[in-house]
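Quick one: sequence plus predicted model below, questions after.
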Amino acid sequence: MPYYSEDLKEEVRSANDIVDVISGYVRLQKKGSSYVGLCPFHNEKSGSFHVSQNKQLYHCFGCGAGGDVFAFLMEYENFSFREAMEQLADRVGITLPAQELSVQEKRESDYRARLLEVNREAGKYYYLLLRSDRGAHALDYFRNRKLSDETMKKFGLGYADKYSDDLYRYLRSKGYDDQLLKDSGLIMIDEKRGAHDKFWNRAMFPIMNVYNKIIGFGGRVMGEGEPKYLNSPETQIFDKSRNLYGLNLARASKRAQLLLCEGYMDVIALHQAGFDNAVASLGTAFTSGHASLLKRYAKEVYLTFDSDNAGVKAALRAIPILKEAGIAAKVIRMEPYKDPDEFIRALGADAYQERIDQAENSFMFEIRILEQNYNMNDPHDKTAFYQETARKLLEFQETLERNNYIEAVAQKYQIGFENLRSLVAQVSTQTGLVQRPQPLKSGVRKKEISREDGILKSQKLLLTWLSEEPALYPVIHEYITPEDFPDEICRHAAVALFEQLETGSLNLARIPGHFEDLTEQREIVSAFHETIREVKTRTERGKALKDTILKLKEHHLQILRENHDPNGMQERFSQMLQEKKMLEALRRKELLPQMPEEG
């Protein structure tokens with residue numbers, strides 16, 4: 001990343017507070033010295049994603065993601081460093097000088113542009129084919145679904161021919177090579193069949209990003225065949241978990257909320273009926289990444305899923321994800337019709353607007369579906385239902401909000417406000433007060449810790465301690481040098497950190513930027529986020545710090561002993577004597593008097 005000076009990068013970084021930037025993507029809550037939320041880079045139910053305003057770094061204790069504000073945009077938006085720099089500079093009104101791309105960055109940028117070009121060319125070909133004699137049956141399919149020519153044009157609908165190498169031959173005639181076509185996800189190449197199209201004999205739905213660029217396709221088979229719907233595989237420009245069908249159009253809607261559907265045809269039918277705020281996930285389960293994307297454009301989402309069991313289950317999965325992202329959710333009832341497309345064709349836009357106006361609060365929807373598991377005419381089942389409802393009410397940690405929902409549930413199910421509130425209090429006592437987020441169950445972090453030896457943990461512990469309490473540096477600098485950090489990443493972190501502490505200009509966010517590779521940046525950030533065991537007294541703090549230093553010094557001495565290289569033997573022997581003397585002195589010495597006061 002040599003294209004901007006370090007001073008300019010620091011100017012842009014410091015002007016973009018990392019908490020403010022990430023809050024636009026992830027719902028963060030202040031907890032102690034950090035802000036915590038659900039990690040946008042892996043699915044989780046309890047927040048292990050931490051953002052530090054003091055360090056200007058983010059770190060996930062679950063999957064290990066971490067870095068500065070540039071790294072976040074590069075990882076989340078799949079930006080190059082240049083793109084992240086430009087967006088952040090634009091965000092705060094900093095004008096960047098014209099810069100030449102590096103050879104590597106230009107290569108990556110050009111390749112992404114070529115992939116977009118291939119997708120655009122394929123989209124044009126599918127579009128024209130639909131309107132030719134060869135696409136007549138697909139055109140009839142769309143017209144039978146009551147789509148106008150204007151709507152088909154608006155969504156760029158097309159057709160993939162029945163010949164399985166039709167698109168391949170066309171794109172090759174345009175000069176695109178096999179590797180690029182394979183990377184686009186449009187062409188499959190294997191030894192048995194050679195080159196063949198991913199999509200054939202299918203009605204085609206171009207998938208666009210928010211900038212109206214085609215990044216992938218969905219295709220519905222014409223006639224018999226499986227799967228009924230097929231989507232592009234993930235590529236360098238297409239990530240299903242971070243894109244939504246129709247969002248390029250819905251983001252410009254004047255409506256206050258977004259309508260979240262399950263399928264392409266639902267989105268198209270709603271837009272044609274005047275509901276230009278409809279979007280859908282791309283053939284995959286709704287994720288926290290989708291929720292973060294929705295949060296940029298709306299504070300409220302109406303779920304308009306299928307009315308069958310699969311649709312109900314999908315809604316039940318989406319509701320807590322939306323809630324964690326800070327998005328209010330309501331549920332639109334489609335009965336007696338299966339989906340919005342079928343509903344609109346049967347009853348029209350006005351009737352659908354009435355369903356929007358009558359949309360059900362998402363929590364009350366969850367309780368209504370829960371009720372279906374119980375026989376409300378049986379006293380035992382009825383009691384069990386109320387108890388389970390009380391447990392769900394404990395999910396609301398704010399007393400006022402919880403009481404409002406107790407009142408709503410009590411009124412609907414005629415249990416009485418005081419009776420239900422008393423039951424909630426009783427269940428609360430049994431389960432340990434209001435439910436708190438449970439520890440991360442993925443096991444990822446636990447496995448990582450089991451693999452790390454004690455020395456690596458000690459290195460990270462000392463780096464984290466110094467990054468959070470720089471006043472400790474004068475206490476330990478006579479004992480510890482970067483050479484005492486055997487891990488290469490930790491040693492690099494120590495060199496950079498010690499230099500900053502020596503000059504009194506601590507700026508941790510600059511350190512990961514020494515590495516271009518995001519994986520190495522993650523490792524650097526993790527070195528500053530080791531969990532420090534809470535100690536209550538100054539004496540305990542001094543002992544814990546001393547023990548950590550002793551472990552590193554003893555390990556360094558062991559390395560010197562095991563080094564059998566005859567070159568530099570005298571120098572190594574002299575160093576070993578110095579290390580031994582230092583260890584003996586440190587064991588006798590109390591760090592306690594030198595430790596800065598807590599607080």
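Yep, it's here.

you'd agree K9 is up against M85?
Yes: using Cβ atoms under 8 Å, K9 makes contact with M85 at a distance of 7.1 Å. Just so you know, the C-beta spots here come from the backbone N, C-alpha and C atoms, and that holds for glycine as well.

Can you name the next helix or strand after the least confident helix or strand in the chain by mean pLDDT?
Of all helical and strand segments in the chain, the minimum by mean pLDDT, DSSP states H and E falls on helix 444-451, at a mean of 39. Counting by DSSP states H and E, the next helix or strand C-terminal to helix 444-451 is helix 454-468.

Please write out the alpha-carbon positions of that following helix in CSV.
Below are the C-alpha coordinates for helix 454-468, written out as CSV (Å, rounded to 0.1, in the frame of the first residue of the first chain):
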residue,chain,number,x,y,z
GLY,A,454,1.7,-20.7,26.9
ILE,A,455,4.6,-18.7,25.5
LEU,A,456,2.5,-17.3,22.6
LYS,A,457,-0.3,-16.5,25.1
SER,A,458,2.3,-14.7,27.4
GLN,A,459,3.6,-12.7,24.4
LYS,A,460,0.1,-11.5,23.5
LEU,A,461,-0.7,-10.9,27.2
LEU,A,462,2.2,-8.6,27.7
LEU,A,463,1.5,-6.7,24.4
THR,A,464,-2.2,-6.3,25.4
TRP,A,465,-1.3,-5.1,28.9
LEU,A,466,1.2,-2.5,27.5
SER,A,467,-1.3,-1.3,24.9
GLU,A,468,-4.0,-0.8,27.5
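
What helices and strands are in contact with that helix?
Contact analysis of helix 454-468 by 3 or more Cβ pairs under 8 Å, 6 or more residues apart in numbering; DSSP states H and E lists helix 473-476, helix 488-503, helix 518-527, helix 538-562 as its packing neighbours.

Format those as a markdown table; extra columns: distance to H42, mean pLDDT and mean neighbour count.
Shown next, in a markdown table, are the helices and strands packed on helix 454-468 (distance: least, Cβ to Cβ, whole Å; pLDDT from 0 to 100; neighbours: other Cβ atoms under 10 Å):
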| stretch | distance to H42 | mean pLDDT | mean neighbour count |
| --- | --- | --- | --- |
| helix 473-476 | 35 | 82 | 17 |
| helix 488-503 | 22 | 90 | 18 |
| helix 518-527 | 13 | 85 | 21 |
| helix 538-562 | 30 | 77 | 16 |
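
List the contacts of the closest residue to A15 other than its chain neighbours.
Distances taken as Cβ to Cβ, 6 or more residues apart in numbering put V92 closest to A15, at 4.2 Å, once the chain neighbours are dropped. V92 is in contact with V12, A15, N16, counting by Cβ atoms under 8 Å, 6 or more residues apart in numbering.

Nearest to F81 among these?
Proximity of those to F81 (Cβ to Cβ) peaks at V12, which lies at 11.2 Å.

Now do the SS call for L259.
strand (DSSP: H, G, I helix; E, B strand; the rest coil).

Strands of the stretch 201-350 of the chain, start to end?
202-208, 214-221, 229-231, 258-261, 278-280, 300-303, 328-331 (DSSP state E, counting those that start in this stretch).

Adjacent strands (with direction) for the longest one?
Based on DSSP bridges, the strands next to strand 214-221 in the sheet, each with its direction, are strand 202-208 (antiparallel), strand 229-231 (antiparallel).

give the contact list for M208.
M208 neighbours (Cβ under 8 Å, 6+ apart): G156, I214, I215, N248.

Show me the beta-bridge partners of it.
Beta-bridge partners of M208, as defined by DSSP bridges: I214.

measure the closest residue to S467 other than its chain neighbours to F238 for me?
The shortest distance from S467 to any non-neighbouring residue, by Cβ to Cβ, 6+ apart, is to F528 (4.7 Å). According to Cβ to Cβ, to the nearest Å, F528 stands 34 Å off from F238.

ok now the longest helix along the chain, how far from the chain's centre?
Identified as the longest helix of the chain according to DSSP state H is helix 103-130. On the basis of Cα atoms, centre = their mean, to the nearest Å, helix 103-130 sits 26 Å off its chain's mean C-alpha point.

follow-up on the earlier one: tell me which of the strands paired with strand 214-221 sits most buried.
strand 202-208 (a mean of 24; mean count of other Cβ atoms under 10 Å).

Against which helices or strands is the longest helix of the chain packed?
Using 3+ Cβ pairs under 8 Å, 6+ apart: helix 103-130 touches helix 81-92, helix 136-144, strand 158-160, helix 166-173, helix 178-183, strand 202-208, strand 214-221.

for the third one, packing partners?
Read that as strand 158-160. So strand 158-160, by 3+ Cβ pairs under 8 Å, 6+ apart, packs with helix 103-130, strand 202-208.

One more pass at 10 Å, please.
Where contact means 3 or more Cβ pairs under 10 Å, 6 or more residues apart in numbering; DSSP states H and E, strand 158-160 is packed against helix 103-130, helix 136-144, strand 202-208, strand 214-221.

Give me the angle between the first one and strand 214-221.
Inter-element angle recorded for helix 103-130 and strand 214-221: 30 degrees (by axes from the mean of the first three to the mean of the last three Cα atoms, to 10 degrees).

pLDDT of helix 103-130, averaged?
Per-residue pLDDT over helix 103-130 has a mean of 93.

same question, stretch 283-294
86.

Pull the residues that contact stretch 123-139.
By Cβ atoms under 10 Å, 6 or more residues apart in numbering, the surrounding residues in contact with stretch 123-139 are 141-142, 147, 149, 152-153, 156-163, 166-167, 170-171, 174, 199, 201-208, 213-214, 217, 219-220, 222-223.

Could I get the contacting residues of the residue nearest to S467?
52, 55, 57, 59, 66, 460, 463-468, 490, 493, 497, 508, 511-512.
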